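Novice: Sequence and predicted model, in that order:
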Amino acid sequence: MIDELAVALNTFQEDFKAALARAASDERSLEAVRLEYLGRSGKVTELRKQIGKLAPSARPAAGKHINDAVSAMETLLASAREDAESHAVQRDLERSIDVTFPAIEPELGSLHPVRHIVDDACNYFRRHGFAVVTGPEIEPDYYNFDALNIPADHPAREGFDSFWLTGTLLLRPHTSPMQIRTMQQHRPPVAIVAPGKCYRRDALDARHLFQFHQIEGLLVARGIHFGHLKGMLTGMCREIFGASQSVRFRPSYFPFTEPSAEVDTTCPKCKGSGARCGMCGGSGWIELGGAGMVHPNVLREVGYDPSVYSGWAFGFGAERLGLSRYGVDDIRRFVESDPGFLEQLQ
Ligand code: DAH
C-alpha cells in the first residue's frame, strides 16, 4: 500500500512539474497550478484523505511521504515564481521609456509663402503711414467697374468679366474696388494698401490661377505725383527682393488711371543681366502689375476735386511676386498644398 502511494506520489509530482512548465513564467497561471495541486481542496488534500484508509501502523510513513512530496513541490513552485518575477521585471525593463531619447518634433504649421509676400509688402507700406484695409470678395458691378471709370459698354470689362453670382454681383476680379470703398468713406488724404483674394475666368497654366491674391495701393492727397509712386514701389521691391532692385514703367492703359503703366522690377534671379535667364526670358525685368495716376473721373465719382487732389494707385499680383522671390517656375505649385515644397520657401 505504501509502495502504491509512493508510485502515485511520483506521478503526481511529475504531473505537477509538467503543469508548472505549462504555466511558464506567468504568475497567474502558477497560482492556478498551486491551487489545483496544493490548495486546500486540491489534489494533495485528496491524497491525504487516503491515509485514513491505511493500517494505523502505515499511516505515519505515508504521512511523511506526502509531506516530503509537498515540500519538494513547494520548492519547485517557489523557484518557478522567482523565474516568473524576474521575467516580469525583464519585460518591464524592455518596455521602459528612454527619457534621453530625442523627442519626435510636433509638426507645426507655417505661413504660406504668398502670405509672407503680402505681409512684407503690407509692413513696408504700414511703416510709411499707410493703413492696411480689406473688403468684400463679392462686389456689385458698380465697385468693380462703373465707379472705376469702366462703364457697361466699355471693352475693358471683358478682361475682368468673370464669375457673376447675379445680374449685378460678381466675385471681384481685382482689388481696385477697395479704392472706391476707401475714398467714399474718408476725406483726403488717404493712404491704403488692400491685399486680398481675386477671381478670374482664366484657364490654369504656369502663370494663371482662377483664384489669386492682389495687393492694391492708393495714395491721394494734395500735390501727389508720379515720382512718389516710383519711389514707393522701388522701396517695396527692395523690401521684397533685395537692396539693389530698380523699377521700370512701361506705358499702358487702365480706365481708372491716367497716365497708366505696367510696372517691372529687376529680375531677382539674373540681377538684370538677362544672361540665359529662364525667370525673365532674357529681358532682365519681371512684371509686377499695373499702376498709374488716379483718373480724374474716379476722383470725381467719390466726391474728390481733381483740381485740388491727385493720387497714384497700383495693383500687383501676390503670387507673381512669389514666383520671382522664390524662383518658382509654376504658379500652381503655390496651391497644391505640398508641405515638402512649401517648407523650402520659408
Ligand atoms: N486692377 C488692375 C488689374 O487687376 C491692376 C491695376 C492697374 C490696379 C492700375 C491699379 C492701377 O490700382 O492703378 O489688372
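Specialist: Perfect, thanks for sending it. Numbers count the residues shown, from 1 in each chain.
Novice: which bits of this protein sit near the ligand?
Specialist: 174, 176, 216, 254, 257, 289-292, 313-315 (CB under 6 Å from any ligand atom). No exception for glycine: its C-beta is placed from N, CA and C like everyone else's.
Novice: Could you dump the residues you listed into JSON lines with pLDDT and secondary structure added?
Specialist: JSON lines is the format used below for those (pLDDT from 0 to 100; DSSP: H, G, I helix; E, B strand; the rest coil):
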{"residue": "174", "pLDDT": "97", "secondary structure": "coil"}
{"residue": "176", "pLDDT": "98", "secondary structure": "coil"}
{"residue": "216", "pLDDT": "98", "secondary structure": "strand"}
{"residue": "254", "pLDDT": "97", "secondary structure": "strand"}
{"residue": "257", "pLDDT": "98", "secondary structure": "strand"}
{"residue": "289", "pLDDT": "96", "secondary structure": "strand"}
{"residue": "290", "pLDDT": "97", "secondary structure": "strand"}
{"residue": "291", "pLDDT": "98", "secondary structure": "strand"}
{"residue": "292", "pLDDT": "98", "secondary structure": "strand"}
{"residue": "313", "pLDDT": "98", "secondary structure": "strand"}
{"residue": "314", "pLDDT": "98", "secondary structure": "strand"}
{"residue": "315", "pLDDT": "98", "secondary structure": "strand"}
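Novice: biggest separation within the residues you listed, which pair?
Specialist: Spanning the widest gap among these are 174 and 292, at 13.6 Å by CB to CB.
Novice: where exactly do the helices run in the stretch 201-346 of the chain?
Specialist: Using DSSP state H, counting those that start in this stretch, the helices found in the stretch 201-346 of the chain span residues 226-241, 296-301, 318-326, 339-342.
Novice: which one of those helices is the most hemmed in?
Specialist: helix 318-326 (a mean of 22; mean count of other CB atoms under 10 Å).
Novice: list the helices and strands that one packs on?
Specialist: Other helices and strands packing on helix 318-326, by 3 or more CB pairs under 8 Å, 6 or more residues apart in numbering; DSSP states H and E, are helix 113-127, strand 211-221, helix 226-241, strand 285-294.
Novice: right, so of these, which gets closest to residue 202?
Specialist: For those, proximity to residue 202 was assessed by CB to CB; strand 211-221 is nearest, at 8.7 Å.
Novice: OK, contacts around the residue of the stretch 51-200 of the chain found nearest the ligand?
Specialist: Closest contact between the stretch 51-200 of the chain and the ligand, by CB to the nearest ligand atom, is at residue 174 (3.4 Å). Contact analysis of residue 174 by CB atoms under 8 Å, 6 or more residues apart in numbering lists 144, 160, 198, 214, 216, 315.
Novice: So which of those is the closest to residue 47?
Specialist: The closest of the contacts of residue 174 to residue 47 turns out to be residue 198 (CB to CB; 94.7 Å).
Novice: Test of understanding: give the bridge partners of that closest one.
Specialist: residue 212 (DSSP bridges).
Novice: dump the residue contacts of residue 271.
Specialist: Contacts of residue 271 by CB under 8 Å, 6+ apart are residue 244.
Novice: Taking the stretch 151-300 of the chain, what residue is nearest to the ligand?
Specialist: Counting by CB to the nearest ligand atom, the stretch 151-300 of the chain gets nearest the ligand through residue 290, at 2.6 Å.
Novice: Verify the contact between that residue and residue 256 for me.
Specialist: No. If you go by CB atoms under 8 Å, residue 290 and residue 256 don't touch, sitting 9.4 Å apart.
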